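Student: Just need the structure, nothing else, for what follows:
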Amino acid sequence: MQSNSLHALPLLLLSCIHGFYYLTLAQESGQYYYECSSALFLSGSVFEQNLNLTLTWLAGNASLDGGFHNISVGQNLDTTIYGLVQCVGYATAKECQDCANIAAKRIRGICPNKKDASIGFLYCWMRYSNQRFFSTTFDSARKYSENNQNDVTDPVVWNHQLDNLLNNLSSQAASASSRFVDGNATYKDSDIIYAIMLLVTYLSPVTGK
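Tutor: Numbering: from 1, shown residues only. As a prediction, this is how the structure comes out:
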């Protein structure tokens, strides 16, 4: 899958299907991460119609009932869309709703005609796919970090501190009632890696780890 950051470092924003992480050398907000598949669908197809319905529903319901929703739209296996949206525990209803609205619009523009795509912001995370992904895990965080090792001066130290930080946060998030935690770790000298982690609510504590 194609993976890109839309903003220059120091932001490193990592996303995965069972959660997402924001890692940065300075506390910033607003930047986001996205990931697109290589598989394409045809414009004007039933697949696209179902995708539009999915994204509209996710955006419209994001702030209701705790900020976590998934849906499948379609009658045919080849044209069914599976979608999910989750807002972080600290987001207000308005922040959640605004984030979901932006995510639903941006994901189509950033990943045009892609059959599988995800996007993460500071307040929410959204994914759609032609494959059923509910109750499964997919971790692209390490891959994205490896692709951006040129952005840090000492990848060995970075990866060591990153691994320790994410391992600690995953254990904390899996046992937290909100499934949301944050933390930080020293990278070099005064440089700090900041991270937040949100596990989707359908995963058990063991799977979330």
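
Student: going forward, measure contacts between C-alpha atoms and count neighbours the same way
Tutor: OK.

Student: Contacts only, for Y82.
Tutor: Residues near Y82 by C-alpha atoms under 8 Å, 6 or more residues apart in numbering: T54, N70, I71, S72, V73, Y128, S129, N130, Q131, R132, F133.

Student: Kindly indicate which of the residues you listed lies nearest G83.
Tutor: Y128 (4.2 Å; C-alpha to C-alpha).

Student: And the closest residue to the closest one other than its chain neighbours, which helix or strand is it part of?
Tutor: Leaving aside its chain neighbours, Y128 sits nearest to G83 (4.2 Å; criterion: C-alpha to C-alpha, 6 or more residues apart in numbering). If you go by DSSP states H and E, G83 is part of strand 81-87.

Student: before we move on, what about I119?
Tutor: In the assignment (DSSP H and E), I119 maps to strand 116-120.

Student: Give me the contacts around that strand.
Tutor: 15, 20, 32-37, 39, 103, 107, 111, 125-131.

Student: hang on, the earlier thing: okay, the residue nearest to Y128: pLDDT?
Tutor: pLDDT recorded at G83 is 95.

Student: That one: what's it in contact with?
Tutor: G83 neighbours (C-alpha under 8 Å, 6+ apart): T54, L55, L58, N70, I71, S72, M126, R127, Y128, S129.

Student: so what's the fourth one up against?
Tutor: With contacts defined as C-alpha under 8 Å, 6+ apart, N70 is in contact with L58, Y82, G83, L84, V85.

Student: In this structure, where is pLDDT below threshold?
Tutor: Counting by pLDDT under 70, the chain contains low-confidence residues at 1-32, 135-151, 177-179, 200-209.

Student: and the longest helix for it?
Tutor: As assigned by DSSP state H, the longest helix anywhere in the chain is helix 155-175.

Student: Distance from the chain centre to that helix, please.
Tutor: 17 Å (C-alpha atoms, centre = their mean, to the nearest Å).

Student: same for that helix, what does it pack against?
Tutor: strand 180-188, strand 191-199, helix 205-208 (3 or more C-alpha pairs under 8 Å, 6 or more residues apart in numbering; DSSP states H and E).

Student: Comparing those, which comes out most buried?
Tutor: Ranked by mean neighbour count under mean count of other C-alpha atoms under 10 Å, the helices and strands packed on helix 155-175 are led by strand 191-199, which reaches a mean of 23.

Student: Domain parsing of this structure, as residue ranges.
Tutor: 29-129, 155-198 (the TED database).

Student: ranking the ones you listed by burial, who's on top?
Tutor: Mean neighbour counts for these (mean count of other C-alpha under 10 Å) peak at domain 29-129, with a mean of 19.

Student: Strands - which of the contacts of strand 116-120 land there?
Tutor: Here DSSP state E is the test, and these give S15, F20, Y33, Y34, E35, C36, W125, M126, R127, Y128, S129 as lying in strands.

Student: okay if I get the residues you listed as TSV plus distance to D182?
Tutor: As requested, the ones in strands among the contacts of strand 116-120 are exported to TSV (distance: C-alpha to C-alpha, whole Å):
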residue	distance to D182
S15	15
F20	11
Y33	18
Y34	21
E35	23
C36	26
W125	16
M126	20
R127	22
Y128	26
S129	28
